Structure formats: structure tokens, C-alpha cells
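Student: quick one, structure for this:
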Amino acid sequence: RYAYGAVEPIIGENFFLVLPYCNTNCMNVFLEELSKDYKEDKILLVCDGATWHKSNGLKIPENIEIIHIPPYTPEMNPIEQIWKQIRSMGFRNEFFHSLTDVVNRLCETINHLTKEMVKSITHRDWIQYMELNRY
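Tutor: Residues are numbered from 1 along each chain as shown. Okay, here's the model as predicted:
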């Protein structure tokens, strides 16, 4: 299973879905649900170069704009630090009896992420600068 996520580094808002695959169809589900949850917002979604982030089959909702970071620059994407945090909080050197147990732990760990934690992990001065100078 795969966790899809989006974070807002300035206020710590976050949105996650656990889906069965990393592909265009699942990315479309994620984008649609993200768009619905934040229908009043304009979302600037930073993505890396994964094929499902750039697929011609993506159905990008009107309130979402996707920008891609340059190759080999994961530090530019705030969500990358969240994946590290999820691994350290929920997945230590441990044996799971089933995939269901892994997915349950993943969901529990994601649910333990607070807005303050997300802000402290993902906020960068350049993000605030871009936000202030975008409009």
C-alpha cells in the first residue's frame, strides 16, 4: 500500500490517503479527494518527477496546480520530511503479521501527526517568502 499526502508548511494542515498502488488512477483519486476537502482553496502541489505525477492521464482539478521540483532535489519538497517522520514514529525494526497490520500502523501514525509537528518539520523560510510574494 502507498501513502499519498499533501502538507501546508505554514499552518500545518495535512491530507493523506492510503491507496493500493502508485499509479495514475490512484493519483487521480488523491487529487479528486484533496480538491473536495479543500474546495474553497487554491492548492499549489509540489511533486517530484514520479511518472504518476506527470502522466498525461492525470485529471487535475481546477483548484489544484502542480509544480515539479528539479530531479534529485527531494529536500525541496516538504512532504519528504514527513515520510521520514512517519517511518521513525511508526516503523521501527519490527515484524508485522499481515499487510493489514502494516496499513493499520501507517494510518495510526499518520493520525498522530499534529499541525504543529507538520509545521515544525516542513516549514522553510523560502516557502514563507514565496507565499508572501506570490500575489
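Student: element containing Phe16?
Tutor: Under the criterion of DSSP states H and E, Phe16 resides in strand 14-19.
Student: buried residues, that strand. List them.
Tutor: Residues 14, 16, 18-19 are the ones in strand 14-19 that count as buried (16 or more other Cβ atoms under 10 Å). All C-beta spots, glycine's among them, are computed from the backbone N, C-alpha and C.
Student: quick one, the helix or strand immediately after it in the chain and strand 14-19 angle?
Tutor: Per DSSP H and E, the first helix or strand lying C-terminal to strand 14-19 is helix 24-37. Using axes from the mean of the first three to the mean of the last three Cα atoms, to 10 degrees, the inter-axis angle of helix 24-37 relative to strand 14-19 is 150 degrees.
Student: my read is Val103 is in a helix, agree?
Tutor: Yes: with DSSP: H, G, I helix; E, B strand; the rest coil as the criterion, Val103 is part of a helix.
Student: wouldn't it be in contact with Val18 here?
Tutor: Yes: if you go by Cβ atoms under 8 Å, Val103 and Val18 touch, sitting 6.0 Å apart.
Student: now do the shared contacts for the two.
Tutor: Common neighbours of Val103 and Val18, using Cβ atoms under 8 Å, 6 or more residues apart in numbering, are Arg1.
Student: can you give the contact residues for stretch 11-29?
Tutor: 1-8, 30, 33-34, 37-38, 50-53, 55, 57-59, 82, 103, 106-107, 110, 113-119, 122.
Student: 7 Å instead, please
Tutor: 1-7, 30, 33-34, 37, 52-53, 55, 57-59, 103, 106-107, 110, 113, 115-116, 118-119 (Cβ atoms under 7 Å, 6 or more residues apart in numbering).
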